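>>> sequence unavailable; structure follows:
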């Protein structure tokens, strides 16, 4: 699993369209026949257990880890003392050709940065990790390709050529 490429979708600010962009990019790659894994970084905390359901009851009873296994999917909830690093989570993902990660802008993984003019035009990614920018801003000064915020096919082309061919 160490050879599965993982690319972060980052931005300097929230509400730049990372989720929408990543959703469309996943759809484009899946339509081309690739298996895609997705990771979402969440800074606010989340809960996927439904109160009263069995896995919730196990967690309430004190289980540090609960897993539910169904006929076509499984989910594991692992309590942690702190937010996990992406490098600790990526090895747990299997059966995919590429992993797209929303967030983790401090990671040293390759990244695509989303820049929207109403949120600021500063590039936050170190050049050594940046493989492309998607934006609605013209004339950004960078050595990497700058694609339109809606050019999911163009970004998919870059990812396929760089990681999947």
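The structure has been received and is ready for your questions. Worth saying up front: this structure is predicted, and the values here are computed from it rather than measured.

>>> going forward, measure contacts between C-alpha atoms and count neighbours the same way
Fine.

>>> okay, now residue 4: neighbour count?
Close neighbours of residue 4, defined as other CA atoms under 10 Å, add up to 18.

>>> residues contacting the closest residue in space to it that isn't next to it in sequence?
Spatial nearest neighbour of residue 4, chain neighbours left out: residue 98 (5.7 Å); criterion: CA to CA, 6 or more residues apart in numbering. The contact partners of residue 98, taken as CA atoms under 8 Å, 6 or more residues apart in numbering, are 4, 5, 6, 7, 34, 35, 36, 37, 163, 164.

>>> run the last query once more with 6 Å
Residue 98 makes contact with 4, 5, 6, 36, according to CA atoms under 6 Å, 6 or more residues apart in numbering.

>>> now do the helices in this structure.
With DSSP state H as the criterion, the chain has helices at 18-31, 54-60, 86-89, 152-159.

>>> of the ones you listed, which shows the lowest average pLDDT?
Of all the helices of the chain, helix 54-60 carries the lowest average pLDDT, namely a mean of 83.

>>> residues contacting it, please?
Applying CA under 6 Å, 6+ apart, the external contacts of helix 54-60 come out as residue 49.

>>> cutoff 7 Å now
Helix 54-60 has contacts (CA atoms under 7 Å, 6 or more residues apart in numbering) with 49, 50, 66, 68.

>>> try stretch 63-76
55, 58, 59, 77, 78, 79.

>>> endpoints of that stretch, how far apart?
12 Å (CA to CA, to the nearest Å).

>>> do the same with stretch 87-95
End residues of stretch 87-95 are separated by 17 Å (CA to CA).

>>> equivalent analysis for stretch 115-123, please.
8 Å.

>>> gap between the most centrally placed residue in the chain and residue 66?
In the chain, the centroid-proximal residue (CA atoms, centre = their mean) is residue 101; its distance is 1.5 Å. From residue 101 across to residue 66, the span is 23 Å (CA to CA).

>>> count the residues that sit near residue 118.
Look at residue 118: counted by other CA under 10 Å, it has 9 neighbours.
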